[in-house]
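Participant: Have a look; sequence and predicted model below, questions after that.
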Amino acid sequence: MSDAKSPGEGIHPPKREIFDVPAMTNTDNKGFVRPVQTYRVTDYGLYMSRTADHPHFAHLETWLLPSLGLRANIFGFRDADYRPGQRLYLDIGEFTGPDADGRWHATDWYLDLVDVTARPLELIDVDELFDAQAAGYLTVAQCTRAVDIAANALAGAARHGDDVQAWLDEQVGERLTWLDRP
């Protein structure tokens, strides 16, 4: 008997979240609704800051950047030895908003980019992207777009000396602010 997985085996549907600015809540892909401490709407995206009840992190900051196809995250890790040096974690996908009710929507397209201090940006979960397409969760066009978004971010960070934050700031036309970087 083979241990090899069939295409799409064990792959989950795309993760979808709702960022309800008027209600000051964030609904995750499992339907859990969490209170949000801060939302900030700009002409280029949405910033969110909230506590987290995750075993590895106590706080989450997120920028949804629709025109870039990126969600930039900073996790407030509980243990400094967990993912040491990780600064930003970028989800690739489709991010829209606000809708008529003031809500923003995120659909994760599986690919992620990890920003670790003093290292080039790292692309991960390519296998999940292929499995999702094979399972019918993403179209070929969505997968192509995901790869284009990743390539653009990787090249942009490289042009800025592997400083993805500097590249993001350039793309939006101002400094993206975080709790530790006003």
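Facilitator: Alright, I've got the coordinates. Numbering: from 1, shown residues only.

Participant: where does the chain have low pLDDT?
Facilitator: 1-9, 55, 57, 77-85, 180-182 (pLDDT under 70).

Participant: Go again with 80.
Facilitator: 1-10, 54-58, 75-86, 180-182 (pLDDT under 80).

Participant: in it, which strand has the most residues?
Facilitator: Looking across the chain with DSSP state E, the single longest strand is strand 103-116.

Participant: for the very next helix or strand once past it, packing partners?
Facilitator: Once strand 103-116 ends, the next helix or strand along the chain (criterion: DSSP states H and E) is strand 122-124. In this structure, strand 122-124 packs against strand 103-116, with contacts taken as 3 or more Cβ pairs under 8 Å, 6 or more residues apart in numbering; DSSP states H and E. Heads up, the C-betas are built off the backbone N, CA and C, glycines and all.

Participant: swap the cut-off to 10 Å and go again
Facilitator: strand 86-96, strand 103-116, helix 140-159 (3 or more Cβ pairs under 10 Å, 6 or more residues apart in numbering; DSSP states H and E).

Participant: show me the contacts for the residue lying closest to L65 once chain neighbours are set aside.
Facilitator: Leaving aside its chain neighbours, L65 sits nearest to G45 (4.5 Å; criterion: Cβ to Cβ, 6 or more residues apart in numbering). Contact partners of G45, counting by Cβ atoms under 10 Å, 6 or more residues apart in numbering, are 62-68, 70-72, 95, 97, 104, 172, 176.
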